[in-house]
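In: Pasting a predicted model and its sequence here:
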Amino acid sequence: MQSEQHHSEGCFRHLFEELEDAVVKFELVDREERSSSSSRAEPGESEPVIIDANDAFTDVFGYDGETVIGEPLNELIVPAAKRAEAAQFDQRTQDGESNAAIVERMTDEGERKFVYRGVPYEEDYGFAIYSDITDELQRERHLDVLHRVLRHNLRNDLTVVLGMASRIIETTAEDETRAAATKIKQTASELSQLSDEANTIAKVLGEQATVRPVELDPLVSDVVADIESRFEAAAISADIPTDTAVSANDKLQIVLRSLLDNAIRHNDSPEPRATVTAERPDPSTVELEVIDNGPGIPAAEQRIITDDDEITPLNHGSGLGLWLVKWIVDTYGGSLDIETPQSGGTVVRLRLNHPNGN
């Protein structure tokens with residue numbers, strides 16, 4: 001038994017020292033018992049006093065691991081403006097509750113941001129773990145600014161390109177020039193749509209999905225009417241049983257609009273058609289299908305979307321529409337399948353959860 005205990009202690013010590021995150025073990029001590037800090041203490045308050053620290057703590061905060069033993073943790077690394085926040089964490093630890101938060105702490109390089117995790121250990125003891133995320137957050141902010149500037153400038157420039165192309169088409173008498181301007185307008189429109197889809201995806205990935213019951217019939221009717229108004233030559237029909245609902249949110253409208261837009265926009269048939277259907281194969285599931293008579297989605301692109309094949313310069317999708325659909329449906333706990341029947345066209349099938357499951 002003693003051998004096993006010694007082995008466990010050795011394993012823990014090895015883990016403690018090898019972690020790249022800064023870790024300290026502390027004891028919660030009544031502040032009034034510490035004469036050095038009693039002037040700052042409120043009656044009954046406790047503070048964490050360091051009883052052990054790993055090498056990463058030295059590297060991150062700039063304190064020698066041996067000299068910090070016996071020192072109050074908060075006075076060493078918590079900025080004065082954050083002491084009240086730290087006191088709340090200490091109280092939770094004393095109550096036997098864990099802590100997890102993004103915090104600011106003082107290092108020898110100034111204030112930096114950390115993911116802080118506090119773990120209570122026996123009575124009045126605990127561990128504090130600090131993962132430095134300052135650089136990651138800074139990169140995220142820089143990328144966010146870059147993306148916003150690019151999206152803004154791209155949309156403005158594309159508006160100019162679309163306007164000039166339309167003007168050339170309307171005013172030129174030369175067939176070759178009109179054909180070139182038409183191609184420019186088509187390409188710019190597709191690029192503008194790609195930008196819009198990328199913007200929507202960024203919002204989807206940055207939000208926590210909250211689902212609720214969504215009635216399909218009125219939602220499908222609204223989207224079909226919108227697509228028909230933009231593609232006058234298209235024939236779109238819907239067969240949605242009344243009172244059919246799914247667990248989703250407002251972004252389901254984006255999903256359906258994207259599927260129908262793709263079904264008609266990329267349809268090379270003289271009479272482009274699309275149909276939206278819904279049925280319940282089992283009590284907990286609703287299958288929503290969009291069927292078209294277009295050229296079909298290439299098998300390689302289907303595998304990228306549905307099977308998570310690797311994306312390479314020679315193996316990639318033609319746009320973001322299906323990615324947008326997949327990622328939104330994933331947030332609902334649903335799934336997406338794509339079929340290309342022998343008769344032609346494409347069937348995109350969404351399996352969504354029914355709100356009641358019965």
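Out: Happy to help now that I have it. Numbering: from 1, shown residues only.
In: and residue 221, helix, strand or coil?
Out: At residue 221 the chain is in helix, as set by DSSP: H, G, I helix; E, B strand; the rest coil.
In: now it: how far from residue 353?
Out: According to Cβ to Cβ, to the nearest Å, residue 221 and residue 353 sit 22 Å apart. Placement of C-beta: from N, CA and C, glycine included.
In: higher neighbour count, these two?
Out: Legend: neighbour count by other Cβ atoms under 10 Å for residue 221 and residue 353, higher for residue 353 (16 against 13).
In: wait, the more buried one sits on residue 285?
Out: Yes: in terms of Cβ atoms under 8 Å, residue 353 counts as a neighbour of residue 285; the distance is 6.8 Å.
In: Report the beta-bridge partners for residue 49.
Out: Beta bridges link residue 49 to residue 27, residue 72, judged by DSSP bridges.
In: Hmm, I typed the wrong one, I wanted residue 106.
Out: Counting by DSSP bridges, the residues bridging with residue 106 are residue 111.
In: what's the pLDDT at it?
Out: For residue 106, the model assigns a pLDDT of 93.
In: got the buried residues for the longest helix anywhere in the chain?
Out: Using DSSP state H, we find that the single longest helix of the chain is helix 134-171. Residues of helix 134-171 classed as buried: 154, 158, 161-162, 165, 168-169 (neighbour count, 16 or more other Cβ atoms under 10 Å).
In: other SSEs contacting whichever helix or strand comes after that helix?
Out: Per DSSP states H and E, the first helix or strand lying C-terminal to helix 134-171 is helix 175-205. Here helix 175-205 touches helix 134-171, helix 321-331, going by 3 or more Cβ pairs under 8 Å, 6 or more residues apart in numbering; DSSP states H and E.
In: can you tell which of these is closest to residue 235?
Out: For these, proximity to residue 235 was assessed by Cβ to Cβ; helix 321-331 is nearest, at 20.7 Å.
In: tell me the angle of the closest one relative to helix 175-205?
Out: Counting by axes from the mean of the first three to the mean of the last three Cα atoms, to 10 degrees, helix 321-331 lies at 10 degrees to helix 175-205.
In: Export whichever helix or strand comes after helix 321-331 to PDB, keeping only CA atoms.
Out: Following the chain from helix 321-331 toward its C-terminal end, the next helix or strand by DSSP H and E is strand 335-339. These are the backbone C-alpha positions of strand 335-339, laid out as PDB (Å, rounded to 0.1, in the frame of the first residue of the first chain):
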ATOM      1  CA  SER A 335     -27.200  15.800 -40.200                       C
ATOM      2  CA  LEU A 336     -26.900  16.400 -43.900                       C
ATOM      3  CA  ASP A 337     -26.900  13.900 -46.800                       C
ATOM      4  CA  ILE A 338     -26.500  14.500 -50.500                       C
ATOM      5  CA  GLU A 339     -27.700  12.100 -53.300                       C
END
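In: What is strand 335-339 packed up against?
Out: helix 299-306, helix 321-331, strand 346-353.
In: closest one to residue 337 among those?
Out: strand 346-353 (4.5 Å).
In: For that closest one, C-alpha coordinates in PDB please.
Out: The C-alpha trace of strand 346-353 is given here as PDB (Å, rounded to 0.1, in the frame of the first residue of the first chain):
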ATOM      1  CA  THR A 346     -29.700  16.400 -56.600                       C
ATOM      2  CA  VAL A 347     -31.400  15.500 -53.400                       C
ATOM      3  CA  VAL A 348     -30.200  17.300 -50.300                       C
ATOM      4  CA  ARG A 349     -31.600  15.600 -47.200                       C
ATOM      5  CA  LEU A 350     -31.600  17.200 -43.800                       C
ATOM      6  CA  ARG A 351     -32.400  15.100 -40.800                       C
ATOM      7  CA  LEU A 352     -33.600  17.300 -38.000                       C
ATOM      8  CA  ASN A 353     -34.900  16.600 -34.500                       C
END
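In: Check which residues of it are buried.
Out: Buried-residue list, strand 346-353, by 16+ other Cβ under 10 Å: 346-348, 350-353.
In: List the neighbouring strands of that strand plus their orientation.
Out: Strand 346-353 is paired, per DSSP bridges, with strand 285-292 (antiparallel), strand 335-339 (antiparallel).
In: Lowest average pLDDT across these?
Out: strand 335-339 (a mean of 90).
In: How about residues contacting that one?
Out: For strand 335-339, the surrounding residues in contact (Cβ atoms under 8 Å, 6 or more residues apart in numbering) are 297, 302, 305-306, 322, 325-326, 329, 346-351.
In: Kindly recompute the last result at 7 Å.
Out: 297, 302, 305-306, 325-326, 329, 346-351 (Cβ atoms under 7 Å, 6 or more residues apart in numbering).
In: buried sites along it?
Out: 336, 338.
In: about what we covered before: from the contacts of strand 335-339, pick the one nearest residue 226.
Out: Taking those together and measuring to residue 226 by Cβ to Cβ, the closest member is residue 325, at 16.5 Å.
In: residue contacts, that closest one?
Out: 255, 258-259, 336 are the contacts of residue 325 under Cβ under 7 Å, 6+ apart.
In: what do you get if the cut-off is 10 Å, keeping everything else the same?
Out: Taking Cβ atoms under 10 Å, 6 or more residues apart in numbering, we find residue 325 in contact with 197, 254-259, 262, 290, 305, 336, 348, 350.
In: measure it to residue 209 for me?
Out: In terms of Cβ to Cβ, residue 325 sits 14 Å off from residue 209.
In: Now do the domain split for this structure, please.
Out: As assigned by automatic domain parsing, the chain contains the domains 2-132, 134-207, 210-358.
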